[in-house]
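[1] Have a look; sequence and predicted model below, questions after that.
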Amino acid sequence: MSPGVSFAAAPAANGAALALPVAPALRGMIDAALNAVMEEAAAEARLTMGTLGRCADYALVGARVLRLLLNRPYTALSGGEVIDCGSGLYVAMHPGRKARRSARKLSELKDYHCWIEALHPMPDGSLRREIIDFTMRHDPLVAEVCGLPFTRSHRHDYLWAWQEEIAPLPLAARAQLPPQSRSGDWMWVDQDCLRLLKKYEQDHEALLARLTGQVLHKLVEAMQAQEEAAQMRSTASLKLA
């Protein structure tokens with residue numbers, strides 16, 4: 001971290017740079033820094049679809065960034081998901097059983113999804129589940145690739161919420177899903193997908209470490225720019241008083 005940059009309004013109890021819950025403005029800054037780095041990496045690699053389909057990189061790098069900032073066990077997960085396209089239409093993304101079991105690496109698999117979760121201990125001994133998905137910005141493109149119109153009015157770049165804040169999956173969307181996803185979750189873990197994600201992380205350790213450093217650097221720059229702008233506004237207000 002760059003000296004002189006304050007990431008939290010109050011010191012975190014566990015010595016982390018940020019305190020829970022992360023303020024909405026900081027969530028947006030983390031998302032913006034991560035997405036900017038991913039777009040730059042996609043442009044450098046000349047990926048024809050840009051960052052679409054790079055959910056593994058978003059999840060793995062995002063989890064590392066959050067672990068460093070919050071000193072909490074954020075974990076990248078992989079499996080299936082359901083996307084709400086609006087007007088009662090849903091896209092169910094989940095690889096078939098044969099494809100999952102025969103794939104030797106993540107690049108051989110299609111229709112999987114990756115996101116981030118953390119389980120936080122509560123005073124009563126329970127665990128509160130936090131769910132983060134930095135790739136919701138891709139939902140309209142996924143619908144387009146699947147040949148469906150995307151009419152959902154509420155569009156977000158990312159999801160960052162406690163599990164109890166997320167509405168259950170509508171009954172109309174559950175019938176077409178595999179049994180492990182019918183509990184009402186919009187995303188569910190598949191052990192074969194998770195195995196391939198972990199292998200991808202091992203095989204690309206150097207790249208993921210470099211991207212993580214770039215995200216942190218961009219975040220520090222954004223924080224510094226924000227503080228400088230606030231100081232300039234404060235100075236201008238004093239001069240006018």
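    On my side now, so go ahead.
[2] all contacts plus neighbour counts: C-alpha atoms, from now on.
    OK.
[3] in the longest strand belonging to the chain, what counts as buried?
    Ordering each strand of the chain by length in residues (DSSP state E) puts strand 75-86 first. For strand 75-86, a neighbour-count test (16 or more other CA atoms under 10 Å) marks 75, 76, 77, 78, 79, 80, 81, 82, 83, 84, 85 as buried.
[4] what about the protein, any weak spots by pLDDT?
    1-13, 176, 178-183, 234, 236-241 (pLDDT under 70).
[5] Which other helices and strands does the top helix by length along the chain contact?
    In terms of residue count, the longest helix belonging to the chain (DSSP state H) is helix 205-240. Contacts defined by 3 or more CA pairs under 8 Å, 6 or more residues apart in numbering; DSSP states H and E place helix 205-240 against helix 24-44, helix 55-70.
[6] try 10 Å
    helix 24-44, helix 55-70, helix 191-203 (3 or more CA pairs under 10 Å, 6 or more residues apart in numbering; DSSP states H and E).
[7] Quick one: work out the angle between it and helix 24-44.
    130 degrees (axes from the mean of the first three to the mean of the last three CA atoms, to 10 degrees).
[8] between helix 205-240 and helix 191-203, how many degrees?
    80 degrees.
[9] buried ones in helix 205-240?
    208, 211-212, 214-220, 222-224.
[10] so which of these comes closest to residue 136?
    residue 215 (18.5 Å; CA to CA).
[11] Contact partners for the closest one?
    30-38, 61-62, 65, 221 (CA atoms under 10 Å, 6 or more residues apart in numbering).
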